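# Below are the sequence and a predicted model; questions follow.
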Amino acid sequence: MGLRPRYLRAMPDTAVGLAPSWVRVVLIALSLLTAVGAAGGAAMLITKGLGDWLVTDTRLGALGFTSWAPGGVLLALGVALPMAVAGVMVWANHPWGLMVALLAGLALMCWIVVQVTMIGFSTWLQPVFFLVGGAVASFAMLVIRATP
């Protein structure tokens, strides 16, 4: 208990258990499905890139990037890993699970903003995953705020 920050000390160890069960299921499902999708996207970027779409034809080329692999590594570390950790921690009722889910949702939203800034709006998945990140962060925040 001594390692918990002050704003979490009043939160019981099983704060997710106080929320309606559907909130927990939605948080876990969105987090883990997003982690799997991001891991697949990262693997695709690292191995074969985006096929005929050259990185030099995007704003990334102006920054000196010649491959999609760095983006794939960042996608794995910045989205897939945090979402997987969040899903597992919420599933396990870990006291930090909600905070990790909140941060993972915000990280996904930031990822999409940076992605659209760097390569432009290129697929319908960008707004969908921006909303998924917002949903994960919102559900986590609602449970955190509702905890006595």
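Here it is on my side, so go on. Please read all numbers here as calculations on a predicted model, not as lab measurements. Numbering: from 1, shown residues only.
# Do I have it right that L32 meets V85?
No. In this structure L32 lies outside contact range of V85 using CB atoms under 8 Å: 10.4 Å. Yep, even glycine has a C-beta here, placed from its N, CA and C like the rest.
# Common neighbours of those two, please.
By CB atoms under 8 Å, 6 or more residues apart in numbering, L32 and V85 have no common neighbours.
# what's around A140, how many residues?
Neighbourhood size, A140 [other CB atoms under 10 Å]: 28.
# residues touching it, list them.
27, 86, 90, 98-99, 101-102, 105.
# Just say helix, strand or coil for G64.
With DSSP: H, G, I helix; E, B strand; the rest coil as the basis, G64 sits in coil.
# Now it: phi and psi?
phi 100, psi 0 (degrees, to the nearest 10).
# Where does the prediction get shaky in the protein?
Scanning the chain for pLDDT under 70 picks out 1-19, 49-59, 146-148.
# Buried ones in the helix or strand containing V128, by neighbour count?
Following DSSP states H and E, the helix or strand that holds V128 is helix 125-146. Residues 126, 129-130, 132-133, 135-137, 139-141, 143-144 are the ones in helix 125-146 that count as buried (16 or more other CB atoms under 10 Å).
# from these, which is closest to A39?
The shortest gap between A39 and any of these belongs to F129, at 13.6 Å (CB to CB).
# Surely that closest one and I112 touch.
Yes. The pair formed by F129 and I112 meets the contact definition of CB under 8 Å, at 5.7 Å.
# buried set for stretch 78-93?
In stretch 78-93, counting by 16+ other CB under 10 Å, buried: 78-91.
# In TSV, list those along with distance to V23.
Below are the buried residues of stretch 78-93 laid out as TSV (distance: CB to CB, whole Å):
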residue	distance to V23
G78	25
V79	22
A80	23
L81	23
P82	19
M83	17
A84	19
V85	19
A86	14
G87	14
V88	17
M89	15
V90	10
W91	13
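# Format the buried residues of helix 125-146 as a markdown table; extra columns: distance to G71.
Below are these laid out as a markdown table (distance: CB to CB, whole Å):
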| residue | distance to G71 |
| --- | --- |
| Q126 | 14 |
| F129 | 15 |
| F130 | 17 |
| V132 | 19 |
| G133 | 17 |
| A135 | 24 |
| V136 | 21 |
| A137 | 23 |
| F139 | 28 |
| A140 | 26 |
| M141 | 28 |
| V143 | 32 |
| I144 | 31 |
